[in-house]
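K.L.:
take this sequence and fold it.
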Amino acid sequence: MVKRYNLYGHSAGGQFSHRFATFCPTDEVDNILPANAGWYTFPTDTISYPYGLGDAEKVLGPLRKRLYGRKVTLLLGEADTLRTSNLRMTEEADAQGLNRLSRGKAYFEFCRKDAQTLGVPFNWRLRFVSGAGHNNKLMAPTAAEVLAMDGPRKGDFRRKGSFSTFFTPGNRFKENPVRVNCFVPDNFNPRTAKVLMVMHGGHRETLTAIKEWIPFAQKGNILLLGVDFDAERYPNRIFLNGGLLDDEGGFVPESESLYPIIDEVFDEARRQLHLRAKSYDIFGHSAGGQMAHRFLLFHKSDKVGKTVASNAGWYTFPSDTIPFPYGIKECASLYGIDTDEYFAKDMTILLGQADTVVNFGLRMNEKTLWQGSRRLSRGEHFYHFAKENASGTFAWSLEELPGVGHDEVATVKAAARILYKL
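P.N.:
Next comes the predicted model:
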């Protein structure tokens, strides 16, 4: 039996929910999420009700300590700045701010400082939703994300079809949960299922690629998993370098990078779904291709089968004479990189022969131009450099797709053939 519940409200619902947090003494509510409220009841007796508490605490007893101890997440649309006809514009309301965004920010900051003055814990969070105005459809997904992150710490993979879950890493990124997009085929058989880990590009979401993989997953009994390293928690300085650098630019142990998180997600999905598969394959396009080839270079995992790295913008060459991140000069010995082991891994460099356009996402500097002037030439250079420097087994392959540019849909189809003969 469900004994606790969460409360979400948008606009006037946001007014109701934040006043509920203030006045209702119930201990059965878990998370309270007011979104884009038009105006607020500030927790102070210096402002008359309904804009403040007025004499409420004289009647109801102390309210603020309980209020600040509750799990409140105030959600504000960054574009909710219009003074529309349904926005209260009294002198008291305008004293809070001239629009919903400024009023919400003022309310949160007032409460934070009041809790500090009282010397009580402040258990609230403030989340801004980029590009969202006064639109519940744009706010509700963030509320769902907040609630999901407050759920099982290791995610829930025990469903069918397409879904997302949140996973908490076990290393230094434990305060930065990641979204895992998943697809479990209709006729899923855990005894024979294969597992594909999809790595996203610069848009920071794997859902697009996973949608393209679904027909192949249905046909081939393939579990699809895609970890989203969102730009807010994992900016490019972390994501593109695999989390190998700390805030000062120093190298961290590989166990504290992003790479073990991929293994952790696989292990948890394997445990929950009772998979017999002991390894997973990797597909990554664009920045995902960067992530994929660096993953194999830096991460010593026995869980990886085949890898397809598609149309990466630039590469980390397996050379101890080229500085990081374009080579491994400063970190080859630190991470115990064995290039012979790297060259013996099953990796396909997949390139579109028409991926020759220079766009805003293509890094252009002295180091990348040495690799090549376009993604196509850089991928060719990377592959042939590795082949020429391999002294033992060389298990890589190079495949070029005629007429294909920087096209994830086309490369998914090719990767399905390469990985699963589908």
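
K.L.:
helices of the stretch 251-400 of the chain, start to end?
P.N.:
Assigned by DSSP state H, counting those that start in this stretch, the helices in the stretch 251-400 of the chain fall at 259-273, 287-298, 339-343, 366-371, 375-389.

K.L.:
ok, now the stretch 101-250 of the chain?
P.N.:
Using DSSP H, counting those that start in this stretch, helices in the stretch 101-250 of the chain cover 136-149, 207-220, 236-239.

K.L.:
can you tell me what sits against the first one?
P.N.:
Think helix 136-149. For helix 136-149, contacts defined as C-beta atoms under 8 Å, 6 or more residues apart in numbering pick out 6, 8, 10-11, 31, 33, 35-36, 73, 75, 77, 125, 127, 129, 131-132, 164-166, 177, 179. Any C-beta I mention is one placed from the backbone N, CA and C, and that applies to glycine too.

K.L.:
picking that back up, using TSV, lay out the helices of the stretch 101-250 of the chain together with mean neighbour count, distance to residue 185 and mean pLDDT.
P.N.:
Converted to TSV, the helices of the stretch 101-250 of the chain look like this (neighbours: other C-beta atoms under 10 Å; distance: least, C-beta to C-beta, whole Å; pLDDT from 0 to 100):
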stretch	mean neighbour count	distance to residue 185	mean pLDDT
helix 136-149	17	23	86
helix 207-220	18	5	95
helix 236-239	16	29	92
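
K.L.:
give me the pLDDT for residue 151.
P.N.:
pLDDT for residue 151: 61.

K.L.:
circling back: let's see which of the contacts of helix 136-149 end up in strands.
P.N.:
Of the contacts of helix 136-149, the ones assigned to strands by DSSP state E are 6, 8, 10, 31, 33, 35, 73, 75, 77, 125, 127, 129, 164-166, 179.

K.L.:
list the contacts for residue 332?
P.N.:
Per C-beta under 8 Å, 6+ apart, neighbours of residue 332: residue 320.

K.L.:
for residue 291, see how far away it is.
P.N.:
Computed with C-beta to C-beta, to the nearest Å, the distance linking residue 332 and residue 291 is 20 Å.

K.L.:
over to residue 419?
P.N.:
Plainly put, residue 419 is 17 Å away from residue 291 if you go by C-beta to C-beta.

K.L.:
in terms of neighbours, single out the busier of those two.
P.N.:
Neighbour tally, residue 419 and residue 291, criterion other C-beta atoms under 10 Å: the higher count belongs to residue 291, 25 against 22.

K.L.:
ok, and the closest non-adjacent residue to that one?
P.N.:
Closest residue to residue 291 apart from its sequence neighbours, by C-beta to C-beta, 6 or more residues apart in numbering: residue 199 at 4.5 Å.

K.L.:
burial count for the one you found?
P.N.:
Residue 199, neighbours per other C-beta under 10 Å, totals 25.
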